[in-house]
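K.L.:
any chance you can model this:
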Amino acid sequence: MDVDYLILGGGCAGLGLAVNFINSDLRDKRILILEGREKYKRDKTWCSWDVYPHQFRDAISHTWLNYKFASKNSEAIFTGGKCNYYHINSFDYYQYAQKIINSTDNVELRMSTRVEEIIPQDDFVLVNTPGEIIRAKYVFDGRLPKLPDEKMLQGKTGYLVETFLGCHVIAEKPIFDPTTAVIMDSNFLSEGTFGFYNVLPFNSYEALVEPTLLYKSYSELKKQFNMKIAHQWVRDYLVLGCNYKDDYKICYEEHEILPMIDFVKYNKHSHPRVYAIGTAAGLLRPGSTYAFISIQRYNEELVKRLLVTEFPEPPSGHSDLVKRIDNFLLKKAYYMNTSHQFVDSILKGVENISADTYALFMHDCLTADSTKDFAKNANMALFLKS
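P.N.:
Numbering: from 1, shown residues only. Got it, this is the predicted structure:
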């Protein structure tokens with residue numbers, strides 16, 4: 001089978017790239033997406049601030065005007081900005097993309113297909129699957145990269161491992177504040193843990209309660225983290241944070257392990273005809289693990305470059321400003337002793353910037369004016385003292 005564009009992986013990046021092709025002057029290209037899953041289901045949560053006009057805005061399910069940070073020493077609620085915080089259910093995203101793909105004759109999404117080998121040639125790329133060999137002019141590889149080797153990471157201070165358990169909780173009483181998303185709350189976690197809660201209230205009865213833990217190595221994570229303890233952290237938040245001791249139901253849960261690494265060099269362009277996309281292109285932001293906006297922005301820019309030239313250089317993932325700050329924060333966080341110290345350091349650094357400037361910074365979308373606001377008011381000296 002011959003195609004113009006072959007996309008490996010039908011996740012956030014792969015489906016997003018296909019939709020961008022369809023919505024561009026490249027819509028007549030023969031496009032094939034290979035996905036290993038048998039079917040799509042709700043398996044992830046993507047959150048972002050409304051700072052970038054991507055092509056999946058119709059898939060947004062919830063928005064919050066206010067967002068909150070809290071520790072035992074301080075609390076801050078950002079409000080009054082134009083950039084609301086929003087939530088996308090991955091299943092809604094998959095369905096939205098599939099509807100567009102299925103309405104386009106020259107674009108195919110093939111499920112339950114495993115990629116065995118990629119063989120670049122001068123004029124095309126051969127991709128072996130169990131059923132056939134596919135020949136493509138370009139390959140866009142969105143398959144998840146391998147986790148870094150633990151030995152390579154030993155002694156690296158600009159490195160943490162983040163893991164979380166997100167539980168969609170339904171309570172029998174109205175216990176949540178649906179107007180405010182909790183971005184970081186270091187209260188209510190058991191002593192000796194290093195992390196925070198992220199809580200997304202969908203209404204006064206329902207919320208995604210997500211205890212998030214940070215570790216200095218994968219081996220440390222394996223020794224200290226287990227799902228039973230994580231479920232107890234969810235219960236602790238409801239009891240201690242919401243004063244709720246009655247029964248509740250968990251209708252959905254997700255668990256992820258994400259590397260927070262500032263020094264890994266991703267190979268975005270291993271061959272003129274092969275491009276990495278998504279997490280494989282290093283688009284997971286090291287200091288915060290936000291990726292949704294960077295993936296959408298990267299896809300759109302890559303399509304624009306393909307429109308004007310053959311074999312363009314891939315877009316950069318993050319600005320130099322973000323790389324420097326994330327590198328700095330990871331190194332500081334590595335030596336911190338408590339969750340409260342971690343949250344306090346972030347609050348002290350950004351307490352004087354506006355809500356919109358913070359939102360733009362978190363997704364590397366600072367404008368000229370907001371860059372000035374950030375440079376003037378983000379108190380980096382207080383980060384250094386943390």
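
K.L.:
where does this structure have low pLDDT?
P.N.:
Counting by pLDDT under 70, the chain has low-confidence residues at 147-148, 152-157, 262-266, 379-386.

K.L.:
could you identify the longest helix within it?
P.N.:
The single longest helix within the chain, with elements called by DSSP state H, is helix 292-308.

K.L.:
so what does that helix touch, helix or strand wise?
P.N.:
helix 12-22, strand 45-49 (3 or more Cβ pairs under 8 Å, 6 or more residues apart in numbering; DSSP states H and E). (Each C-beta comes from the backbone N, C-alpha and C, glycine too.)

K.L.:
so which of these comes closest to Tyr5?
P.N.:
helix 12-22 (6.5 Å; Cβ to Cβ).

K.L.:
run the chain-centre distance for the longest helix of the chain.
P.N.:
16 Å (Cα atoms, centre = their mean, to the nearest Å).

K.L.:
residues in contact with that helix?
P.N.:
Identification of contacts with helix 292-308 by Cβ atoms under 8 Å, 6 or more residues apart in numbering yields 12-13, 16-17, 20-21, 24-26, 46-48, 51-52, 54-56, 88, 138, 140, 275, 277-278, 281, 283-285, 312-315, 317-318, 363-365.

K.L.:
and those, which of them are buried?
P.N.:
Neighbour-count burial (16 or more other Cβ atoms under 10 Å) is assigned, among those, to 12-13, 16-17, 20-21, 46-48, 51-52, 54-56, 88, 138, 140, 275, 277-278, 281, 283-285, 312, 314-315, 317-318, 363-365.

K.L.:
skipping adjacent residues, who's closest to Pro174 in space?
P.N.:
Ser204 (3.6 Å; Cβ to Cβ, 6 or more residues apart in numbering).

K.L.:
quick one: contacts for the one you found?
P.N.:
Taking Cβ under 8 Å, 6+ apart as the test, what Ser204 contacts is 174-178.

K.L.:
can you check Pro120 too?
P.N.:
By Cβ under 8 Å, 6+ apart, Pro120 lies in contact with 126, 139, 270-271, 273-274.

K.L.:
so which elements touch the host helix or strand of Leu160?
P.N.:
For Leu160, the element it lies in under DSSP states H and E is strand 159-171. The contact analysis (3+ Cβ pairs under 8 Å, 6+ apart) places strand 159-171 against strand 206-215, helix 218-224, helix 227-236, strand 248-261, helix 320-334.

K.L.:
which neighbours does the next helix or strand after it have in its sheet, and in what orientation?
P.N.:
Using DSSP H and E, the helix or strand that directly follows strand 159-171 along the chain is strand 180-185. Strand 180-185 has the following strand partners under DSSP bridges: strand 66-70 (parallel), strand 195-201 (antiparallel).

K.L.:
how about the ones you listed in JSON lines, adding distance to Asn106?
P.N.:
Listed next are the strands paired with strand 180-185 as JSON lines, based on distance: least, Cβ to Cβ, whole Å:
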{"stretch": "strand 66-70", "distance to Asn106": "42"}
{"stretch": "strand 195-201", "distance to Asn106": "38"}
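
K.L.:
most tightly surrounded among the ones you listed?
P.N.:
strand 195-201 (a mean of 23; mean count of other Cβ atoms under 10 Å).

K.L.:
measure how it sits relative to strand 159-171, angle-wise.
P.N.:
Using axes from the mean of the first three to the mean of the last three Cα atoms, to 10 degrees, one finds that strand 195-201 and strand 159-171 are set 40 degrees apart in direction.

K.L.:
contacts for strand 195-201, please.
P.N.:
45, 47, 62, 64, 87, 164, 166, 176-178, 180-189, 207-214, 233, 237, 241, 339, 342-343.

K.L.:
repeat that for stretch 46-56.
P.N.:
So stretch 46-56 is contacted by 12, 16, 19-20, 23, 63, 82-88, 90, 93, 96-97, 181, 200, 290-293, 296-297, 300, 359-360, 362-363, 365 (Cβ under 8 Å, 6+ apart).

K.L.:
on the three-state scheme, the closest residue to Lys245 other than its chain neighbours is what?
P.N.:
Counting by Cβ to Cβ, 6+ apart, Val239 is the residue found nearest to Lys245 once chain neighbours are left out, at 5.5 Å. The three-state label given to Val239 by DSSP: H, G, I helix; E, B strand; the rest coil is helix.

K.L.:
next, find the distance separating Val239 from Leu126.
P.N.:
Per Cβ to Cβ, to the nearest Å, Val239 is found 57 Å from Leu126.
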